[in-house]
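Q: Based on what follows, work out the 3D shape:
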Amino acid sequence: MTARALPPDVSGFSGSAQAMSLVAFSAVATLTLLLCVMTGPDRDDLDEFYTGYGTLSPLRNGLAIAGDYISAATVLGTGGVIALCGYDGVVLALSTALSLLLLMFLLAEPLRNAGRFTMGDALARRMPGRAVRITACVVTIASLLPLMLVQLAGTGQLIAFILGFSNESLKTGCVMGLGALMIAYAAIGGMKGTALIQILKIVMLVGSGTVVAVLILHRFDWDPGALFQAAAGQSGAGPAFLHSGLQFAGHSNARLDMISSELTIVLGGACLPHVTMRMYTASSARQVRRSLSWAVSLVALFVLVITVVGFGATALVGRSAIAAADQQGNTAYLLGSRAAFGVDVSTTESFLFTLVTTALFLTLLASVAGMILACANSLAHDVFAARVQEMPARREMALARFSALAIGVPTILLATLVQHHSLQPLVTLSFCLGASALAPALVYSLFWRRYTRAGLMGTLLGGSLTVLLLMPGTNLVSGSPVSAFPAADFNWFPFTTTGIVSIPAGFLFGWLGTVVSGRRKAEEQRRQYEAVEGWILAGAVRRGD
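A: Numbers count the residues shown, from 1 in each chain. Below is the predicted model:
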């Protein structure tokens, strides 16, 4: 027996489910804020605020890394692509897991050894100077701000969808209220407080998602093949739903566009600052490896979960109903979860569905809080504290908390302005900046002996500017009904991401800057690298400076 698609009216949520979700949201917001107050640093200690003293066990640190890595944009966006595009969405989900593997095997240990608190620390280990730190801070904020906007702006839409209201003022109020809560998480809890929220979030998200995936498989007699065939039948695309190319159909150079997109996700996801900052919370290189082993396992499990839920949403609700609710498919994860319980929902099933919505709500809170913390730490430590020789710890912590406010308030205001536009270009912009500026800078800084300051600045600035110049011409900004500006058509760069050009450009600018610096400067940098090579590659000495 196979399950048949549910009628369209079941995609709505009952009054009891909405009431339970509202109560759960309020309880989670109160509980998590209390956790931040209780676990936040109780004295003026920078190591406690920035890294939590590295006291998290490998399991808990792995949970926190996975929590930072699986953002709301990943859950909702990737789930939507799976539900709408089938096979291509699964490849996208697998790319996120591959990105974490890249971080684990190539960058994690050298990054932890080279840095102390921020991305600027890692890059300035070989090339000290305010210019390097300020540029690293600017790129950190530039790469995370679009992702924060997406998740904050999506908060109002998601809560409105779950609770069933459509008033725009209420949506804006949700964005502002939750934004203030996220600032409080970062400013009060520091690294340890946000880590606990990430742990709670990932346990709820994976746990509730696993229950939904089991229920969906049960509806199809535990036969994944029957699930996939039913999804293909309800997709409107037939067998093409289970083959590569549906997501990029109609694009020129579709195959090249797909490769560019996957490469951008793999490199960009591994190097975004809110993920790399978790490397500094480990007390040793061995702890980093063990933490990432847990994180990779959790992310791989979630890839399986979101694949089943995404296909289940298409099979049970239908692709047209998912696209009608949201053109990008961002509600597919919720619709699939709701449909897994069938038409007649018991009290127990309503409770389970409330866990799913609460897990998504907590994912939104935790993801943005971690990003605000990464930006605030960089602004306080790399820009303000670097101005003086020895800044008192009390003052730097006050600056870090003020920086969380300085980052958070403009983010909230911008989120209220962009919430009515397609937000996919902003997600792509973050990953493109991570892949084109931060990834080349980290690879060169950690492994290339002759890399110079001019090469580093060329990588960060050249890679970022290339992305910013190319991004307005991509498919996501104009030229299609689902683009940010559907009525316009200035699509002069016919790709979904800029990675096909900007990633090689980032590496090229770094190489050119090093060559232009001259042989003498390159030899000087080689000697400086050899002096810290044991620290960076083997963790021979744990720096306390």
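Q: centroid residue for this structure?
A: residue 71 (4.4 Å; Cα atoms, centre = their mean).
Q: Check whether that one really touches residue 144, as I assumed.
A: No: applying Cβ atoms under 8 Å as the test, residue 71 and residue 144 come out as separate, 10.5 Å apart. Yep, even glycine has a C-beta here, placed from its N, CA and C like the rest.
Q: Please read off the pLDDT at the residue nearest to the centre of the chain from the model.
A: pLDDT for residue 71: 83.
Q: That one: what's it in contact with?
A: By Cβ atoms under 8 Å, 6 or more residues apart in numbering, the contact list for residue 71 reads 147, 151, 363, 367.
Q: what's the strand or helix carrying residue 22 packed up against?
A: Using DSSP states H and E, residue 22 falls within helix 15-39. Other elements packing on helix 15-39 under the criterion 3 or more Cβ pairs under 8 Å, 6 or more residues apart in numbering; DSSP states H and E are helix 130-163, helix 168-184, helix 190-219, helix 347-378.
Q: closest one to residue 458 among the ones you listed?
A: helix 130-163 (10.5 Å; Cβ to Cβ).
Q: and the angle for that closest one with helix 347-378?
A: Interaxial angle of helix 130-163 relative to helix 347-378 (axes from the mean of the first three to the mean of the last three Cα atoms, to 10 degrees): 160 degrees.
Q: residues of helix 130-163 that come out buried?
A: 132-163 (16 or more other Cβ atoms under 10 Å).
Q: From the chain's centroid, how far away is that helix?
A: 9 Å (Cα atoms, centre = their mean, to the nearest Å).
Q: any idea of the mean pLDDT in it?
A: 85.
Q: re earlier: please tabulate the helices and strands packed on helix 15-39 in TSV, including the columns distance to residue 85.
A: Output for these, formatted as TSV (distance: least, Cβ to Cβ, whole Å):
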stretch	distance to residue 85
helix 130-163	19
helix 168-184	27
helix 190-219	18
helix 347-378	21
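Q: and residue 312, which of these is closest to it?
A: helix 190-219 (3.7 Å).
Q: average pLDDT across that closest one?
A: Helix 190-219 comes out at a mean pLDDT of 88.
Q: Stretch 74-90 now?
A: 88.
Q: End to end on that stretch, go ahead and measure it.
A: 12 Å (Cα to Cα, to the nearest Å).
Q: what do you get for stretch 228-245?
A: Taking Cα to Cα as the criterion, the two ends of stretch 228-245 lie 17 Å apart.
Q: Show me what the strand or helix carrying residue 67 is packed against.
A: Take DSSP H and E as the rule and residue 67 turns out to sit in helix 58-69. Contact analysis of helix 58-69 by 3+ Cβ pairs under 8 Å, 6+ apart lists helix 190-219, helix 273-276, helix 285-316, helix 347-378 as its packing neighbours.
Q: buried residues in it?
A: Per 16+ other Cβ under 10 Å, helix 58-69 contains these buried residues: 58, 60-69.
Q: Also stretch 282-292?
A: Those would be 282-283, 285, 287-292, for stretch 282-292 by 16+ other Cβ under 10 Å.
Q: Next: stretch 530-539.
A: Result for stretch 530-539 [16+ other Cβ under 10 Å]: buried residues 532-533, 535-536, 539.
Q: Give me the mean pLDDT for it.
A: Mean predicted lDDT for stretch 530-539 stands at 72.
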